[in-house]
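K.L.:
sequence unknown, structure follows:
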């Protein structure tokens, strides 16, 4: 029994070690991301699977690839949670953890070995009269080269043991493995949540750059129109403008062209990132739905107290970490159970058949050539390495203490992240309202300066200053909106609500 118990112990340790880089770490620090999502964001609120979601990943990808309709964020999420390479890796880790449970379950099954040997030649071993060793044949005597009639021999041995009472070895192994399976499932959901958050960042980053490119094009067209007027006035020797005005405007137009090219490059990189996140080939087209950042702004912000409570209760990484702590506790109990013996029901069969040997049926005559033995009974196995087992229990206690403190640390880090995100979002909402007023003022200033310049009552310097103020205000406003969207999505993830669907946590 002991070899199988040791195998399960090793596999359980490897399973917890495999989860440790992802589960035992503290929640990640907030990154720049956009927030067009509410705190209750779930692309599927009920456990029922829709007809579209019932398709296989390849079918779903094919459907989305061949469709010419632009993809919204929810469409991308539905594809990514199935086809993302990160999700595939996490799904494979669930199967790995489930194999540990199967291995622990196998300890309750009968364990046995069987050996068979067939060969020859064997020398003669006969008596003229059965059970009378005084009538042994001359060829059967040893010490010469007379082997007599040659033959062959078949030998076999089999043992079988069924555990009856293990004092918790099997149950604790199953419990530890089941907690690892649950941790893997929570980690899969956490991976999906991470992929969704990356998609939110990329999607709304794409929308941000698209809107900025449109603004740059609008500004470039307006400045080119003013530049044409300046050149006409210079050709007419008008005193309203100077050569310096023309050069400043040409520099401004060139700067806008450079910024536009940079933004278009960033737009292409974001499209590549989205393709990677949804598991799509880079040479496939990716039509995206154009949306306004202003429409995705979230203004309904729950209280910090409610958010912290939701984070402690629903955050997927904390749930996975708690399952690892539970697995470690079951592993400690398993180490304690190994101190006690194992009671089992055992049986054995031994036989030999030799063609050129007389079968001696007298039990007091040793006959290694023809025999049959079988038996069944209760057995007890006790390993006497007590001090080693006590040391292993102490080691398991120390590991459990470490995991417990890691869980507390992760909860504190998660609470700090929630507080920081809440403060950032509150500040961004206030800043966005102020920037909206500033943008309206800058746009009015630019419109007035343009009209004044068109009728010859304005100066080029004032027009350029108004344009710079307008460009700065739109960039800051859109950037703040983007930060609000991303931070709100991060807050949804920190509270366990940024997910595609709820994981099935059954074993």
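P.N.:
Thanks, I have the structure now. These numbers come from a predicted model, not from an experiment.

K.L.:
Stretch 186-200: how far from the chain's middle?
P.N.:
With C-alpha atoms, centre = their mean, to the nearest Å as the basis, stretch 186-200 stands 8 Å off its chain's centre.

K.L.:
likewise stretch 279-290?
P.N.:
24 Å.

K.L.:
Not counting its own residues, what contacts it?
P.N.:
57, 61, 65, 68-73, 79-80, 83-85, 203, 206-207, 210, 271-272, 274-276 (C-beta atoms under 8 Å, 6 or more residues apart in numbering). From N, CA and C alone the C-beta is placed, and that goes for glycine too.

K.L.:
Do a quick rundown of the helices in the stretch 151-300 of the chain.
P.N.:
169-235, 243-277 (DSSP state H, counting those that start in this stretch).

K.L.:
Take the ones you listed and write them to a markdown table, including distance to residue 303.
P.N.:
Formatted as a markdown table, the helices of the stretch 151-300 of the chain follow (distance: least, C-beta to C-beta, whole Å):
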| stretch | distance to residue 303 |
| --- | --- |
| helix 169-235 | 23 |
| helix 243-277 | 33 |
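
K.L.:
filter the contacts of stretch 279-290 to the buried ones?
P.N.:
Buried members of the contacts of stretch 279-290, scored by 16 or more other C-beta atoms under 10 Å, are 61, 71, 73, 79-80, 83-84, 203, 206-207, 210, 271, 274-276.

K.L.:
ok, those residues vs residue 188, which is closest?
P.N.:
residue 84 (11.1 Å; C-beta to C-beta).

K.L.:
ok, now how distant is residue 277 from residue 316?
P.N.:
18 Å (C-beta to C-beta, to the nearest Å).

K.L.:
Correct me if wrong: residue 174 contacts residue 104.
P.N.:
Yes - when contacts are counted by C-beta atoms under 8 Å, residue 174 is listed as touching residue 104 (4.6 Å).

K.L.:
helix/strand/coil for the nearest residue to residue 314 once chain neighbours are set aside?
P.N.:
Nearest-residue entry for residue 314: residue 496, 3.0 Å, with adjacent residues in sequence omitted and distances by C-beta to C-beta, 6 or more residues apart in numbering. On the three-state scheme (DSSP: H, G, I helix; E, B strand; the rest coil), residue 496 is labelled coil.

K.L.:
For residue 174 and residue 104, work out which one has more neighbours and name it.
P.N.:
residue 104 (28 against 22; other C-beta atoms under 10 Å).

K.L.:
quick one on the thing from earlier: check the gap between the residue nearest to residue 314 and residue 312 for me.
P.N.:
9 Å.

K.L.:
The two: which has the busier surroundings?
P.N.:
Per other C-beta under 10 Å, whichever of residue 496 and residue 312 has more neighbours is residue 496, with 23 against 15.

K.L.:
what sits against the more buried one?
P.N.:
By C-beta under 8 Å, 6+ apart, the neighbours of residue 496 are 193, 310, 311, 313, 314, 315, 316, 319.

K.L.:
Widest-spaced pair of those?
P.N.:
Longest span within those, C-beta to C-beta: 193 and 313, 15.3 Å.

K.L.:
So which of the two has more stuff around it?
P.N.:
Neighbours per residue, other C-beta under 10 Å: of residue 193 and residue 313, the larger number sits with residue 193, 23 against 11.

K.L.:
wait, doesn't the more buried one sit right on residue 499?
P.N.:
Yes - Residue 193 lies in contact with residue 499 (C-beta under 8 Å); the separation is 5.2 Å.

K.L.:
Mind listing the shared neighbours of those two?
P.N.:
residue 316.

K.L.:
Am I right that residue 410 sits in a helix?
P.N.:
Yes - according to three-state DSSP, residue 410 belongs to a helix.

K.L.:
residue ranges for the helices of the stretch 1-150 of the chain, please.
P.N.:
2-23, 57-66, 73-83, 85-105.
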